[in-house]
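J.: Based on what follows, work out the 3D shape:
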Amino acid sequence: QVQLQESGPGLVKPSQTLSLTCTVSGGSITTNYFYWSWIRQPPGQGLEWMGAIGYSGVTYYSPSLKSRTSISRDTSKNQFTLQLSSVTPEDTAVYYCARESTAPPSYEYDYWGQGTQVTVSS
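T.: Residues are numbered from 1 along each chain as shown. A predicted model of the protein is given here:
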């Protein structure tokens, strides 16, 4: 059973960089042909796919967030990380990590983390 767990600060100040880590257990992030995504849901809104890193390390980004987003991985820890720069209160959301088995964004995820609330506020 694959499990994902998000971790990181719950409060970030405007203009700072939000950094979240997803720790994966029960499966390797380098296993063919899985992709590891970050998705967020602002209050009262739908899910927004932000980006992903694939089994080979290739990254994929939402065009609307690409200029502020960086996704990386640490294969020794079986973790992948999201960094979102220059945050504003509009980046307040529940952030999820998830796994998909086709090239992203497929919007079909078979495993999810529980989500972590991030609030952007001074």
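
J.: Can you give me every residue that contacts Trp38?
T.: Trp38 makes contact with 20, 22, 49-52, 71, 82, 95-97, according to C-beta atoms under 8 Å, 6 or more residues apart in numbering. In short, each C-beta sits where N, CA and C put it, glycine included.

J.: do Leu65 as well
T.: Residues in contact with Leu65 (C-beta under 8 Å, 6+ apart) are 50-51, 84.

J.: do the same with Arg40
T.: Per C-beta under 8 Å, 6+ apart, neighbours of Arg40: 47-48, 50, 91, 93-96.

J.: Put together a markdown table for those, with secondary structure and neighbour count on each row.
T.: As requested, these are exported to a markdown table (DSSP: H, G, I helix; E, B strand; the rest coil; neighbours: other C-beta atoms under 10 Å):
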| residue | secondary structure | neighbour count |
| --- | --- | --- |
| Leu47 | coil | 15 |
| Glu48 | strand | 14 |
| Met50 | strand | 24 |
| Asp91 | helix | 19 |
| Ala93 | strand | 22 |
| Val94 | strand | 16 |
| Tyr95 | strand | 22 |
| Tyr96 | strand | 22 |
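
J.: would you turn these into JSON lines with distance to Gly113 and pLDDT?
T.: Below are those laid out as JSON lines (distance: C-beta to C-beta, whole Å; pLDDT from 0 to 100):
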{"residue": "Leu47", "distance to Gly113": "13", "pLDDT": "96"}
{"residue": "Glu48", "distance to Gly113": "15", "pLDDT": "97"}
{"residue": "Met50", "distance to Gly113": "13", "pLDDT": "98"}
{"residue": "Asp91", "distance to Gly113": "18", "pLDDT": "98"}
{"residue": "Ala93", "distance to Gly113": "14", "pLDDT": "98"}
{"residue": "Val94", "distance to Gly113": "10", "pLDDT": "98"}
{"residue": "Tyr95", "distance to Gly113": "9", "pLDDT": "98"}
{"residue": "Tyr96", "distance to Gly113": "5", "pLDDT": "98"}
